[in-house]
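# Next come a sequence and a model predicted from it.
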Amino acid sequence: MGCEVMAVTDPFLALDAAAQLKAQVVFLDIGMPGMDGLELARRFRAKYGFESLRIVAVTAYGEEEHRTLSRQAGFDAHVVKPVDIHLVESMLHTLFPG
């Protein structure tokens, strides 16, 4: 799809990695050790605001309460694993029209 991708497995390094890459979108798991994705999303929002970065929850947590929590933490979208690549492509087109 022509995207530059970086994988980071340590949530404590993710903020700096996103800055290094000048990320436009972050796909973020909610259930991570050390710091959950909800807290990390809040930190992304505090650092980058809501306009310059899109955050997508990619998680096994699919109940409505989890979707509500992800919205409240600042996620732009919430998808449940396993994720089909066509869904990712469609989501990117929706988040970045044109």
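Nice, I can see it. Residues are numbered from 1 along each chain as shown.

# And the contacts of stretch 10-18?
6, 8, 23, 26, 28, 32, 34-35, 37, 40, 43-44, 47-48, 53 (C-beta atoms under 8 Å, 6 or more residues apart in numbering). Yep, even glycine has a C-beta here, placed from its N, CA and C like the rest.

# Spell out which helix or strand contains the nearest residue to Val58 once chain neighbours are set aside, please.
Once flanking residues are discounted, Val58 sits nearest to Phe27: 4.9 Å by C-beta to C-beta, 6 or more residues apart in numbering. Assignment of secondary structure by DSSP states H and E places Phe27 within strand 25-28.

# I'd like to know which elements that strand is packed against.
helix 11-21, helix 37-48, strand 54-59, helix 85-95 (3 or more C-beta pairs under 8 Å, 6 or more residues apart in numbering; DSSP states H and E).

# and of the ones you listed, who's closest to Gln72?
helix 37-48 (8.1 Å; C-beta to C-beta).

# end to end, how far does stretch 50-65 reach?
The first and final residues of stretch 50-65 sit 22 Å from each other (C-alpha to C-alpha, to the nearest Å).

# Name the residues of it that are buried.
53-59, 61 (16 or more other C-beta atoms under 10 Å).

# from the contacts of stretch 10-18, which has minimum pLDDT?
The lowest pLDDT within those belongs to Tyr48, which sits at 86.

# mind checking how far it is from Gln24?
Going from Tyr48 to Gln24 by C-beta to C-beta, to the nearest Å gives 10 Å.
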